[in-house]
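Q: Fold the following for me, if possible:
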Amino acid sequence: MNSDANPPNALPPRDAHKRGLHRTMTLGGAYATRNHTIKHLQDLKGKAVLTETMPFTTREAAAAEEAGIDTLKVKFDPADPASALAIRNAAPHTFMTFCIGLTKIATAAEAVRAGYDAMELGADGIMCQWGPEFIRAVSDAGIPVEAHAGLVPRLSTWTGGLRAVGKTIEEAMWVYEQIQSFEEAGAWAVEVEVVPAELLAQISKRTRLVTSSIGAGSGGDIQFMFAEDILGNHAPPYPRHTKQYRNLFKMEQAMQAERVGGFRDYIDDVKSGQFPGPEHVVKAPEGLIDQFLAAVDGGGDK
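A: Below is the predicted model:
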């Protein structure tokens with residue numbers, strides 16, 4: 001039974017389409033409006049290249065939604081969901097995939113449970129670096145799941161480290177067959193990382209999966225880059241496949257220098273007696289201090 005303090009989730013407005021939004025309900029049972037659904041993304045396969053990013057702060061998420069980024073990804077730890085939930089709430093109308101860390105899950109049953117937990121928080125789907133067995137279990141449970149192929153950084157020891165994958169016919173076939181296995185297991189999409197651009201273009205034509213390209217050229221259905229790379233949040237060197245559209249690191253360094261300078265000026269003013277000045281203090285009314293001294297120092301007998 002709902003109390004007055006917790007009213008039921010309101011039905012989305014019928015004119016949501018006028019704002020480019022689709023009325024939907026999450027797998028967790030909450031009404032929502034989203035810029036895309038999985039069906040819309042599947043229908044756009046091969047017809048348009050969409051944009052995707054992974055924000056790491058609520059401000060980045062809100063800015064991405066305001067700018068019109070098509071889809072978002074967010075890191076999701078089932079044991080500590082607060083950060084993912086905050087980012088979900090910061091971009092409530094953008095299709096969002098919750099990315100579950102490889103080591104957070106040990107069994108197919110845990111994968112399903114983590115997937116449901118993500119969907120309860122408002123995810124539109126999950127992404128994983130698991131094999132077909134876990135993907136099949138999650139998909140069979142009705143959870144939209146995106147796989148990961150090509151260079152998978154956490155598994156890069158098997159492919160020779162952080163380098164491009166698919167530059168030999170053996171590796172190219174391995175990537176293709178891996179994507180086929182994900183499709184057969186029930187995934188709806190796959191992130192393809194750092195493979196030759198021409199290879200992804202050909203693979204994308206030969207799979208039903210929506211392909212998200214990161215460092216794999218423009219032949220995918222979605223172009224993905226981390227928010228920290230787009231915004232230049234860090235000092236160089238940058239990954240070769242990224243482009244910095246802003247230099248927030250330089251701005252942050254300048255702001256930090258301003259912070260240090262402000263504190264130093266404050267210290268100097270205090271030590272030299274320039275702060276606080278007359279304009280920073282409350283002036284005692286005329287006669288108050290004389291009355292106070294008389295009361296404190298001369299009023300011993302009462």
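Q: Surely residue 45 touches residue 206?
A: No. If you go by CB atoms under 8 Å, residue 45 and residue 206 don't touch, sitting 12.0 Å apart. C-betas here are computed from N, CA, C, even on glycine.
Q: Looking at these two, which has the bigger crowd around it?
A: Under the neighbour definition other CB atoms under 10 Å, residue 45 and residue 206 were set side by side, and residue 45 has more, 19 against 11.
Q: Model confidence score at the closest residue to residue 50 other than its chain neighbours, please.
A: Spatial nearest neighbour of residue 50, chain neighbours left out: residue 70 (3.9 Å); criterion: CB to CB, 6 or more residues apart in numbering. In the predicted model, residue 70 carries a pLDDT score of 98.
Q: Likewise for the one 4 residues further on?
A: As summarised for this prediction, residue 74 has a pLDDT of 98.
Q: likewise the one 10 residues further on?
A: pLDDT, residue 84: 98.
Q: Residue 2 now?
A: Residue 2 carries a pLDDT value of 54.
Q: The longest helix seen in the chain: which residues count as buried?
A: Scanning the chain for the helix with the most residues, using DSSP state H, yields helix 248-272. Residues 248-249 are the ones in helix 248-272 that count as buried (16 or more other CB atoms under 10 Å).
Q: can you give me the strands in the stretch 101-250 of the chain?
A: 125-127, 145-150, 189-193, 210-214, 222-226 (DSSP state E, counting those that start in this stretch).
Q: of all those, which lies closest to residue 25?
A: Among those, the nearest to residue 25 by CB to CB is strand 125-127 (14.2 Å).
Q: Grab the CA positions of the following helix or strand past the longest helix of the chain and hand them over as CSV.
A: Per DSSP states H and E, the first helix or strand lying C-terminal to helix 248-272 is helix 288-297. Extracted in CSV, the C-alpha atoms of helix 288-297 (Å, rounded to 0.1, in the frame of the first residue of the first chain):
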residue,chain,number,x,y,z
LEU,A,288,28.5,49.1,25.3
ILE,A,289,32.1,48.3,26.2
ASP,A,290,32.2,50.7,29.1
GLN,A,291,29.0,49.1,30.5
PHE,A,292,30.5,45.6,29.9
LEU,A,293,33.8,46.5,31.7
ALA,A,294,32.0,48.0,34.6
ALA,A,295,29.8,44.9,34.9
VAL,A,296,32.7,42.5,34.7
ASP,A,297,35.5,44.3,36.5
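Q: How about residues contacting helix 288-297?
A: Applying CB atoms under 8 Å, 6 or more residues apart in numbering, helix 288-297 has no contact partners.
Q: How far away from the center of its chain is that helix?
A: Taking CA atoms, centre = their mean, to the nearest Å, one finds helix 288-297 lying 62 Å from the centre of the chain it belongs to.
Q: Run through the helices of the stretch 1-150 of the chain in chain order.
A: Counting by DSSP state H, counting those that start in this stretch, the stretch 1-150 of the chain has these helices, from start to end: 38-43, 58-67, 82-90, 108-120, 132-140.
Q: Next, the contact list for residue 108, please.
A: 133-134, 137-138.
Q: By neighbour count, which of these wins?
A: residue 138 (28 neighbours).
Q: Give me the below-cutoff pLDDT ranges for the stretch 101-250 of the chain.
A: Under the criterion pLDDT under 70, no range of the stretch 101-250 of the chain is flagged.
Q: hang on, the earlier thing: helices or strands up against the longest helix of the chain?
A: If contacts are counted by 3 or more CB pairs under 8 Å, 6 or more residues apart in numbering; DSSP states H and E, helix 248-272 sits against no helix or strand.
Q: which outside residues touch that helix?
A: With CB under 8 Å, 6+ apart, helix 248-272 has contacts from 231-235, 274-275.
Q: Would you format the residues you listed as a markdown table with neighbour count and distance to residue 288 included?
A: Shown next, in a markdown table, are the contacts of helix 248-272 (neighbours: other CB atoms under 10 Å; distance: CB to CB, whole Å):
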| residue | neighbour count | distance to residue 288 |
| --- | --- | --- |
| 231 | 21 | 55 |
| 232 | 20 | 57 |
| 233 | 19 | 54 |
| 234 | 13 | 57 |
| 235 | 10 | 57 |
| 274 | 10 | 26 |
| 275 | 13 | 24 |
